[in-house]
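A.B. asks: need a 3D model of the following:
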Amino acid sequence: MMPLHLPGWLVGLFVATLALGTDEFVIAGLLPELADDLQVSTGMAGQLISVFALTFAIGAPVMAVVLDPYPRRRVILAALAVFVVANVAAALAPTFGALIVLRAIAGLAAAVVSSTAFAAAAQGAPPDRQGRYLAVVTAGLTVALFTGVPVGAWVGSLLGWRSTFVLVAIVALAAIVVLALGLPRLEGAATAGLAERLRPLRSARVLRLVLAVFLCGVGGLMFYSYLSALLEQHQGGTDTLPLVLLLVGVIGVPSAFLGGRLADRYGGRRSRLMVVGGHAIALAATGALLALGAPFPLLLAGIAAWSVFAWALNPPLQASTIEAAPEAPMTAISLNISGLYLGTAAAAAIGGIIVDGPGVLWIPFAAAISLTLAWISASFRTPQPATAAA
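C.D. replies: Numbering: from 1, shown residues only. Presented below is the predicted three-dimensional model:
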């Protein structure tokens, strides 16, 4: 549940990331109808998802370096405006080729919005609430999975796939209104030169965190992507999948805020090690329950435990990244986001090899290994600043 007494502009950032998450995931449920309408194969239509994700992953760090000197308010409002226009145009796209181009534009705009939203939340937060403010931004993506995505798919089934893009544009437009009215004039890194803004690219601590985020994406999203196959193996069918996905989504929101509170209370290093380590243990335990054919209620408890750690990951990792690169936080955060999206792509590919090879029951164990490697990558100590002699 979202904490009370949040500033209006933070709610605006939540709505913005809700729109991004919906736009990213909802199209998966519209592919058959979209493919039929635009006269392409379903597989070809699926490239719309790949184009959005790859543009997002590649564009995030590049655009962060370019836009970091500019005020956060101006950047996020402009990017949201481009995102709205791209989605409205997608609803009117006459051909599949035009839609591909518009999805790339939307993905690039989404990359800017996401990086700027995290940077603005951290910059505008009180010193002892940075993790919780970052959690609100994360929660927008979480809520999209079990509200925006099903609602968008439902609207698309009633009114056609084009109406879903209009719905996403309306949500993003609402975010523009809230942010235009309330977002503080947070300055960018105006005094920093290009070399300083690029410093996170040369920071071993930042790059180790990006690797950790990538490995967390590989492990966590591999398990999530093949959850239906795991349930089919365990249950002999997928009738329980809607219940499990609802459970994962409902647990996700408070878990994101839990991650933020841990970051505020324990700092970046301790909080990230607790959450990443817990994630690895939960995956291994859930894998054991699946392999042993445990009763469904017990398996459900294991998946619930996994959900807590999976959704609590982002705030500690983002807070750690900001700690590691305070001179260019937007660039560093964008690298993390890029790492997550690349991890998403790798998760599907590696998971497919495992399913077709050793079998689907190996998925949670492979995922646990990936999270263990992430824990090792993230286990470095941040040097403490020297104190003056008394």
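
A.B. asks: ok, which stretches of the stretch 51-200 of the chain are strands?
C.D. replies: Shown for the stretch 51-200 of the chain, no strands are assigned by DSSP state E, counting those that start in this stretch.

A.B. asks: where are the low-confidence patches of it?
C.D. replies: 146, 188-198 (pLDDT under 70).

A.B. asks: hmm, try it at 90
C.D. replies: For the stretch 51-200 of the chain, the stretches with pLDDT under 90 are 51-72, 115, 118-119, 122-158, 160, 182, 184-200.

A.B. asks: how much space between Leu20 and Gly140?
C.D. replies: Per C-beta to C-beta, to the nearest Å, Leu20 is found 7 Å from Gly140. C-beta here means a position set from N, CA and C on the backbone, and glycine is covered the same way.

A.B. asks: more neighbours: which of those two?
C.D. replies: Comparing Leu20 with Gly140 by other C-beta atoms under 10 Å, the one with more neighbours is Leu20, at 29 against 25.

A.B. asks: tell me the contacts of Val275?
C.D. replies: 259, 262, 309, 312-313, 316 (C-beta atoms under 8 Å, 6 or more residues apart in numbering).

A.B. asks: which residues touch the closest residue to Ala28 other than its chain neighbours?
C.D. replies: Once flanking residues are discounted, Ala28 sits nearest to Ile49: 6.3 Å by C-beta to C-beta, 6 or more residues apart in numbering. By C-beta under 8 Å, 6+ apart, Ile49 lies in contact with 24, 27-28.

A.B. asks: what about the longest helix along the chain, distance to the chain center?
C.D. replies: Ranked by residue count and defined by DSSP state H, the top helix of the chain is helix 241-291. Offset of helix 241-291 from its chain centre (C-alpha atoms, centre = their mean, to the nearest Å): 14 Å.

A.B. asks: next, the angle helix 241-291 makes with the next helix-or-strand element following it.
C.D. replies: Later in the chain than helix 241-291, the nearest helix or strand by DSSP states H and E is helix 296-312. Here the directions of helix 296-312 and helix 241-291 differ by 100 degrees (axes from the mean of the first three to the mean of the last three C-alpha atoms, to 10 degrees).

A.B. asks: return the alpha-carbon coordinates of helix 296-312 using PDB.
C.D. replies: This file holds the C-alpha atoms of helix 296-312, laid out as PDB (Å, rounded to 0.1, in the frame of the first residue of the first chain):
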ATOM      1  CA  PHE A 296       0.100 -26.400  -3.900                       C
ATOM      2  CA  PRO A 297      -0.400 -24.200  -0.800                       C
ATOM      3  CA  LEU A 298       3.200 -24.800   0.200                       C
ATOM      4  CA  LEU A 299       4.400 -23.900  -3.300                       C
ATOM      5  CA  LEU A 300       2.300 -20.800  -3.200                       C
ATOM      6  CA  ALA A 301       4.000 -19.800   0.000                       C
ATOM      7  CA  GLY A 302       7.400 -20.200  -1.700                       C
ATOM      8  CA  ILE A 303       6.300 -18.100  -4.700                       C
ATOM      9  CA  ALA A 304       5.000 -15.400  -2.300                       C
ATOM     10  CA  ALA A 305       8.400 -15.300  -0.500                       C
ATOM     11  CA  TRP A 306      10.100 -15.000  -3.900                       C
ATOM     12  CA  SER A 307       7.800 -12.100  -4.800                       C
ATOM     13  CA  VAL A 308       8.800 -10.200  -1.700                       C
ATOM     14  CA  PHE A 309      12.500 -10.200  -2.600                       C
ATOM     15  CA  ALA A 310      12.000  -9.900  -6.300                       C
ATOM     16  CA  TRP A 311      10.000  -6.600  -6.000                       C
ATOM     17  CA  ALA A 312      12.100  -5.300  -3.100                       C
END
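
A.B. asks: in it, what's buried?
C.D. replies: 299-300, 302-312 (16 or more other C-beta atoms under 10 Å).

A.B. asks: give the rounded mean pLDDT of that helix.
C.D. replies: Helix 296-312 comes out with an average pLDDT of 94.

A.B. asks: what's it packed up against?
C.D. replies: helix 204-225, helix 227-235, helix 241-291 (3 or more C-beta pairs under 8 Å, 6 or more residues apart in numbering; DSSP states H and E).

A.B. asks: ranking those helices by burial, who's on top?
C.D. replies: For the helices and strands packed on helix 296-312, average neighbour numbers computed from mean count of other C-beta atoms under 10 Å are highest in helix 204-225, which has a mean of 24.

A.B. asks: re the thing from before, in JSON lines, list the buried residues of helix 296-312 along with distance to Phe223.
C.D. replies: Output for the buried residues of helix 296-312, formatted as JSON lines (distance: C-beta to C-beta, whole Å):
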{"residue": "Leu299", "distance to Phe223": "13"}
{"residue": "Leu300", "distance to Phe223": "15"}
{"residue": "Gly302", "distance to Phe223": "11"}
{"residue": "Ile303", "distance to Phe223": "9"}
{"residue": "Ala304", "distance to Phe223": "13"}
{"residue": "Ala305", "distance to Phe223": "12"}
{"residue": "Trp306", "distance to Phe223": "7"}
{"residue": "Ser307", "distance to Phe223": "10"}
{"residue": "Val308", "distance to Phe223": "14"}
{"residue": "Phe309", "distance to Phe223": "11"}
{"residue": "Ala310", "distance to Phe223": "8"}
{"residue": "Trp311", "distance to Phe223": "13"}
{"residue": "Ala312", "distance to Phe223": "15"}
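
A.B. asks: let's see which of the contacts of Ile49 end up in helices.
C.D. replies: Short answer: these in helices (DSSP H) are Glu24.

A.B. asks: spatially central residue for this structure, please.
C.D. replies: Leu141 (6.1 Å; C-alpha atoms, centre = their mean).

A.B. asks: give me the nearest residue to it, chain neighbours excluded.
C.D. replies: The shortest distance from Leu141 to any non-neighbouring residue, by C-beta to C-beta, 6+ apart, is to Gly21 (4.1 Å).
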